[in-house]
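Give me coordinates for this.
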Amino acid sequence: MKEISRLKSHVDIMKKELDYTTKQIKLLEKNRKVSEWEKIDHINGKSIDELKHQEKNLSQEITQIQKEIKKSQSKTLIITELSLLPVVVLLILISGLGNSIMDFTNDETTSFKTRHLIENLRGDTVDTWKSWRLVGTTLNVNVLNAKGLSENRIDVIKNAITSEESLEIDDSLTHKGPKGFSSTYFTGWAGALKNIASKDTLYNIPTDFNVITSNGGEGDVIITLSNLRDGDGYTGYTKSVVDGNEILKSFITIYDVTNLTDEQLGTILRHEFGHALGLGHSTAPEDLMAPNIDMTVPYISECNTNAIRDLYNGIQGSTVCEK
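Sure, this is the predicted structure:
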């Protein structure tokens, strides 16, 4: 545990250094637009190319250390679970706790905890992080461990990504306005993204998704379906590998899949896929991208799509929700 704590502290320090380096790069890029007389091409003796190289090295080192942390946590979790297993089995046999656990898991009103690599929010906003830099508009999505799932369950996963269905929901249900006024929501990311991709953006917005089920590891976004429960109670986790401000590959894990209803599975996947596209968390508690999904309106909101549009216009930070 001390080793994990030490690694986490080191990562926190490196993240601050990475953030500072990125700000320096942005400052130099901004100064490229001013006159030659006022132009600044070095900060603390470093050129923009040197700072970008430093940014890349920091990102790679942070990713590597986080892998080490995850491995250490997995070993600790296995040891803890093995030590507690006899006690848990005894409690289930004595108190009939098994039925209570199943009922809780399948409760449609359950709030689901999720986690994401980067979270830094202030105010009623949707946070943005990094973006894909695509030549076209296609992302390849690979669903691992799909073997054994029913065709219906696989369709639930695919629809959360490829559906173009939209629906109008009264603003009073989400405390965004009076009854009688509504907002548009999307059941899948393809429809949500095509709705905003008609306007030119700095980088291509992914609108086409090639979903496959292969255990070969190929694909831009890898979705792993796990029957295990996360030790911290999370239902989903997304980690992206980046180079500078570009997402190179994203990994999504959905936990305890067999005990999720179709609606829960689709909602959690929509949330995690938002992270894979570059969104952070929302501070609006009823929003799909909130850290704890409350299932009230488990669809992609206009605020989510506005944040994507800002992100793919090169704006990193937070998008303020209009409603």
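
what are the ranges of the helices in the chain?
2-31, 48-95, 97-105, 151-162, 189-197, 262-277, 302-311 (DSSP state H).

So which residue is dead centre in this protein?
H275 (2.0 Å; C-alpha atoms, centre = their mean).

Flag the shaky bits of this protein, pLDDT-wise.
1-7, 9-11, 32-40, 44-45, 66-126, 322-323 (pLDDT under 70).

how is it carved up into domains?
The chain resolves into domains spanning 2-95, 110-320 when parsed by automatic domain parsing.

Point out the most buried one among these.
Stretch with highest mean neighbour count among these: domain 110-320 (a mean of 18; mean count of other C-beta atoms under 10 Å). The C-beta positions use only the backbone N, C-alpha and C, and glycine is treated the same way.

residues touching L265, list them.
Listed by C-beta atoms under 8 Å, 6 or more residues apart in numbering, the contact partners of L265 are R153, V156, I157, A160, I254, V257.

so what's the nearest residue to V242 once chain neighbours are set aside up against?
Excluding its sequence neighbours, the residue lying closest to V242 (C-beta to C-beta, 6 or more residues apart in numbering) is K130, at 4.9 Å. Listed by C-beta under 8 Å, 6+ apart, the contact set of K130 reads S240, V242, N245, E246, I247, G278, Q316.

right, and the last one touches L202 too?
No. Under the contact definition of C-beta atoms under 8 Å, Q316 does not touch L202, with a separation of 11.6 Å.

where's the closest residue to T137 other than its chain neighbours relative to G136, distance?
Counting by C-beta to C-beta, 6+ apart, T207 is the residue found nearest to T137 once chain neighbours are left out, at 4.7 Å. Using C-beta to C-beta, to the nearest Å, T207 is found at 10 Å from G136.

do the same with I196
Applying C-beta to C-beta to I196 and G136 gives a distance of 17 Å.

ok, now S150?
From S150 to G136 the distance is 32 Å (C-beta to C-beta).

for T187, same thing?
Taken as C-beta to C-beta, the span from T187 to G136 is 24 Å.

Can you tell me how far I154 is from T22?
Distance from I154 to T22, by C-beta to C-beta: 39 Å.

Of the contacts of L265, just say which sits nearest to E50.
For the contacts of L265, the residue nearest E50 by C-beta to C-beta is I254; the value is 40.6 Å.

who touches that closest one in this structure?
I223, T224, L225, S226, T235, G236, L260, L265, I268, L269, E272.

can you rerun that using 6 Å?
L225, G236, I268 (C-beta atoms under 6 Å, 6 or more residues apart in numbering).

Using TSV, lay out the residues you listed together with distance to D310.
TSV is the format used below for the contacts of I254 (distance: C-beta to C-beta, whole Å):
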residue	distance to D310
L225	31
G236	24
I268	24
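
closest to G177 among the residues you listed?
Scanning the contacts of I254 for proximity to G177, where the rule is C-beta to C-beta, the winner is I268, at 27.1 Å.

Name the nearest of the contacts of K130 relative to F181.
Nearest member of the contacts of K130 to F181, counting by C-beta to C-beta, is G278, at 29.3 Å.

and the closest residue to the closest one other than its chain neighbours, how far is that from V242?
Once flanking residues are discounted, G278 sits nearest to S131: 4.6 Å by C-beta to C-beta, 6+ apart. Distance of S131 to V242, given as C-beta to C-beta: 10 Å.

Check L27 too.
On the measure of C-beta to C-beta, L27 and V242 end up 20 Å apart.

just E55 next, same as before
10 Å.

Next, the contact list for the nearest residue to L149 once chain neighbours are set aside, please.
Leaving aside its sequence neighbours, L149 sits nearest to L225 (C-beta to C-beta, 6+ apart; 7.3 Å). L225 makes contact with N145, I254, V257, according to C-beta under 6 Å, 6+ apart.

in the sheet, who's paired with the second one?
As for beta bridges, I254 partners with L225, G236 under DSSP bridges.

Same check on L139?
In beta-bridge terms (that is, DSSP bridges), L139 pairs with F209.

So the residue nearest to T137 is in contact with A192, correct?
No. Judged on C-beta atoms under 6 Å, T207 makes no contact with A192 at a distance of 9.5 Å.

Do a quick rundown of the strands in the stretch 101-250 of the chain.
112-116, 125-128, 138-144, 166-170, 182-186, 208-212, 221-225, 234-243, 246-254 (DSSP state E, counting those that start in this stretch).
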